[in-house]
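1. After the sequence you'll find the predicted model.
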Amino acid sequence: MLARQEEEHVEEILSVEEENRRLRQAPKEPLFKTVLDTSTRSHCQILFLTMAVLAMLVTVGSGVSASRGYALVAVQQKADALEQENERLKIDIAKLKSPERIKNIAKDQLGMEVPKHTYFSQEK
């Protein structure tokens, strides 16, 4: 048993020397792969470009949506203002058509008076 352990120890020493010699030699294969497969790389590039274009389209689309929304709000505000102006003008027209106002203008500015007697004529 002792002889066997000594042989293993000698083999370990030899293997360490052999390992050092092997390390000094240039490796036949690189330790890690530095270049991806070209088809995988091209697929990744296409995927990246597609995602970039889609993101750009979404960004542009949301910008256009926002600007159209602002334009719509501006048009609605203008429509509301015009409706209010229309209502104000209707009130002004009603005031101007008032019979009391017309009667006052006829009396004060034109010197007209309401007749005391009214005569009707009838043809036969």
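-> Noted; the coordinates are in hand.

2. show me where this protein has helices.
-> When assigned using DSSP state H, the helices of the chain occupy the ranges 2-24, 38-96, 99-108.

3. Other residues contacting the last one?
-> By that I understand helix 99-108. Defining contact as Cβ atoms under 8 Å, 6 or more residues apart in numbering, one finds that helix 99-108 is touched by 95, 112-114. C-betas here are computed from N, CA, C, even on glycine.

4. To Thr118, which of the helices of the chain lies closest?
-> Checking the helices of the chain against Thr118 by Cβ to Cβ gives helix 99-108 as the closest, at 15.8 Å.

5. Now do the closest one against helix 38-96, angle only.
-> Relative orientation of helix 99-108 and helix 38-96, computed by axes from the mean of the first three to the mean of the last three Cα atoms, to 10 degrees: 50 degrees.

6. so where's the chain uncertain?
-> Within the chain, the stretches with pLDDT under 70 are 1-14, 26-36, 124.

7. how near is the most centrally placed residue in it to Glu83?
-> Centroid-nearest residue in the chain: Ser62, 2.7 Å away (criterion: Cα atoms, centre = their mean). Note on Ser62: its distance to Glu83, by Cβ to Cβ, to the nearest Å, is 31 Å.
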